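> sequence and predicted structure below; questions after.
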Amino acid sequence: MIARVALPIPRAAPFDYAVPPELPVEAGHRVRVPFGSRHLWGIVVEVQGEPTFPGPLLPIEASAGPVLSPEGLALVSEVARRSFVGVGIALARLVPAPSGARVREVEPGEGPTDLTTAQARVWEAVRAGTTDVRALRRLPGGSQALRELLALGTLRPRYLPFAYREARKEVALTPHQERSVEEITQGIGLGRKYLLVGPPGSGKTEVYLRAARAALGGGQSALLLAPEVSLLPQLWARAGLAAGRPPAPYFGELPGGERWRTWAGALAGEVRLAVGTRSAAFLPLPNLGLLVLDEEGEPAYKQEEMAPYYHARQVAEARAAREGAALVLGASAPSVETHFRAERGELALLSLPERVVGSPPTVEAVPRGEDVIGPRLREAMARHLGAGGQVLLFVHRLGFYTGAACRCRTVLRCPTCEIPLVFHLEDRTFRCHACGRALRDPRCPSCGGSRFHLFGVGTERVEHEARRLFPGAAVARLDAETARDRDRILAALARGEIRVLVGAQMVGKGLDFPGITLVGVVNADGLLSAPDFRAAERTYQLLSGAAGRAGRGDRPGEVVVQTDQPDFYPIRCALRGDYLGFYREELRYREALRYPPFARLVRLLASGRDAEGKAEKLGRTLTAQRFEVLGPARLFPRRGIPRAQLLVRGDEGVVEALAAALPSLPPWLSVDPDPVWLG
Ligand code: ADP
Ligand code: ZN
């Protein structure tokens, strides 16, 4: 027999190898093969009788067994094809490598029989509530005893990815929720698609959880996706309560061994409920009944960093269609594209019109003024903190000052990436948020000056201001820099120990903390300045999301938005919670300029020496073949590498047409079929 093995080599088709008679190899198995002077691991995509390669074939050396189901293989192949990368690269990046999970916590397994003194000591400590492996190892003879007890099965590893726990009572569904659950449940097994729209706090998550329970009850599996890791602890805890057992987690930052553990568990049919971020869209859950994407419009669902560029929503749709799972796209502010498709009947529209708990917050727009935290926001903070409430301050930029300019007016930029440097107070450096470079004593590249005027508002600065204004209140910051402590911060917020939370993007989404009564948006206008046709949509989503964090408990919520453009439609509509108003206006603009959903844009990214010249030439070639080409536009370099982009506009068939026009991509070119950021 011949196996076609996909290897992690750019642009290469799978290679033929001979299957030794003693090695049982099937499609979806990970195998090791000789390749030149090296040995590589790859994945078998096909086993067949006839070689496609005419010469003598080398044999497969070893097999690690199955890592992918046939459906999974087909899914990844499709994603690879759509984003113009070889299936070997796609598989290497989307399928985790087998590795052992490190045990961090243990719990009692079966009852103990004859224990040695050291074993008994460890066992008693676990019984008394010490589950942390490091603490147990410190007991006399602890390391060895722990190993023995794990081997005996007296103790077993406990894999709890998040410290966050919560106690919640089972709620009685509202009639709207009831109807949504019923509809979705009927779609399980039929591959039906739904858009579930409801303002924050309208009970969407509760609907996902009941639908998941129905899928599990029917012997199928369910997959719940959130756009950001920071939303997973709460989703994980709630899903665990609803299902009566903890779901398996899956996200990029999860240690490799635990990621593999979830993946292998799914493959073996043991994991039937999972929560995760975009990469979890590929989890090989058995007999998939339900797939949910919460806040489907979030750009974080898009893999933008490296090929294969995929959008978890697109992957989920392909999967639901292939496997007959019901697909639920949930949102308080759906993407214009998805809402448009729902209006045309491609998805069934379900709606939860109002909040189930609390009441809609009062929302007020105030001018930005001189101060970071203006007088009106400051007064509101004092009032809410005084009444025992918690405050969320939303800022969309990281760092302290987001810009620095020399007296000669030159803005300080990263020497390789050319984007403005951001001042961080923590270590007093000017940092590039693209490449991470940190400069301590920068000089002006034009005049050599070393004194800079600092401006702009980032999370650090707001944190600093909040501390200064409210010295008695516990202030914490949750952004990309403090993300490592996310779990601890969220737990402290839930316990009420943190009174003011300053946060970037991530805190504006699905967090559900009843103690938060005031949300302040520090600078709503900054969101609109992105050079992207979706800037208005992002502004609406972030503002309405942030506003939705206020007043989820019994006490009324209040939202204060600092803006100088309160009448501009994304801000005006977000302040009123008027999604449809925003949608109609935005749709008119998209139609006039022929942006999605009225056309499809594919992004061609040239990088390396003379990127712009190469893009220009490619653009001419494509134009001659009757493609509508926009650009080239020069982009900021990435890690010193020049970049330029072309956009190709067309109808649904444009990706296929491009694939035909570009049968083999030159190494300097990559293709993104669903670009989310066009800057
Ligand atoms: P969303 O996902 O739309 O933001 P959630 O499902 O998180 O909304 O619900 C908001 C809050 O209301 C949660 O604390 C949830 O437990 C609670 N909740 C949801 N549905 C009900 C209901 N039918 N009755 C009472 N409380 C509910
Ligand atoms: Zn840089």
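Arrived safely, thanks for sending. Ligands and ions are numbered 1, 2, ... in the order given.
> at the contact with ligand 2, which residues of the chain appear?
Residues of the chain found near ligand 2 (C-beta under 5 Å from the ion) are Cys414, Thr416, Cys417, Cys432, Ala434, Cys435, Arg437. The C-beta positions use only the backbone N, C-alpha and C, and glycine is treated the same way.
> mind checking which helix or strand the fifth one is in?
In this assignment (DSSP states H and E), Ala434 forms part of neither any helix nor any strand.
> what's the pLDDT at it?
Listed pLDDT for Ala434 reads 78.
> shouldn't it be in contact with Phe636?
Yes - Ala434 is in contact with Phe636 according to C-beta atoms under 8 Å; the separation is 7.2 Å.
> quick check: which element contains Pro249?
Using DSSP H and E, the element containing Pro249 is strand 248-250.
> need the next SSE after that strand, C-terminal direction.
Assigned by DSSP H and E, the successor of strand 248-250 is helix 256-267.
> immediately after that next one, which helix or strand?
Taking DSSP H and E, what comes next after helix 256-267 is strand 273-276.
> what is the subsequent helix or strand relative to that next one?
Assignment by DSSP H and E places the next element after strand 273-276 at strand 288-293.
> is that following strand positioned near ligand 1?
No - against ligand 1, strand 288-293 shows no contacts by C-beta under 6 Å from any ligand atom, the least distance being 10.8 Å.
> what packs against that strand?
helix 204-217, strand 221-225, helix 312-323, strand 326-331 (3 or more C-beta pairs under 8 Å, 6 or more residues apart in numbering; DSSP states H and E).
> what count of nearby residues applies to the nearest residue to Pro596 once chain neighbours are set aside?
Using C-beta to C-beta, 6 or more residues apart in numbering and skipping residues adjacent in sequence, the residue nearest Pro596 is Glu337, 5.5 Å away. For Glu337, the neighbour count with other C-beta atoms under 10 Å is 20.
> confirm Glu337 sits in a helix?
Yes - under DSSP: H, G, I helix; E, B strand; the rest coil, Glu337 sits within a helix.
> wait, isn't it in contact with Pro597?
Yes - Glu337 is within contact range of Pro597, at 4.5 Å (criterion: C-beta under 8 Å).
> near ligand 1, which residues of the stretch 401-550 of the chain?
Going by C-beta under 6 Å from any ligand atom, the residues of the stretch 401-550 of the chain near ligand 1 are Asp512.
> now do the helices in the stretch 401-550 of the chain.
Along the stretch 401-550 of the chain, counting by DSSP state H, counting those that start in this stretch, helices occupy 459-469, 486-494, 535-547.
> out of those, which one sits most buried?
The highest average neighbour count among those, using mean count of other C-beta atoms under 10 Å, belongs to helix 535-547 at a mean of 24.
> list the contacts of Glu354.
Applying C-beta atoms under 8 Å, 6 or more residues apart in numbering to Glu354 gives the contacts Gly198, Pro199, Ser202, Pro360.
> just these that are near ligand 1?
When contact is defined as C-beta under 6 Å from any ligand atom, the contacts of Glu354 meet ligand 1 at Gly198, Ser202.
> mark which of the contacts of Glu354 are buried, thanks.
Gly198, Pro199, Ser202, Pro360 (16 or more other C-beta atoms under 10 Å).
> what separation do you get for the closest residue to the last one other than its chain neighbours and Gly613?
Distances taken as C-beta to C-beta, 6+ apart place Gly577 nearest to Pro360, at 6.7 Å, with adjacent residues excluded. In this view, Gly577 and Gly613 are 49 Å apart by C-beta to C-beta, to the nearest Å.
> looking at those two, which one has more neighbours?
Per other C-beta under 10 Å, whichever of Gly577 and Gly613 has more neighbours is Gly577, with 19 against 13.
> against Thr362, how distant is the more buried one?
As defined by C-beta to C-beta, Gly577 lies at a distance of 11 Å from Thr362.
> and if you look at Glu460?
29 Å.
> go on, Leu630?
The spacing between Leu630 and Thr362, counted by C-beta to C-beta, is 43 Å.
> again, but for Ala172
Relative to Thr362, and taking C-beta to C-beta, Ala172 is found at 28 Å.
> could you do Glu346 as well?
Taken as C-beta to C-beta, the span from Glu346 to Thr362 is 37 Å.
> how about Thr174?
Distance from Thr174 to Thr362, by C-beta to C-beta: 23 Å.
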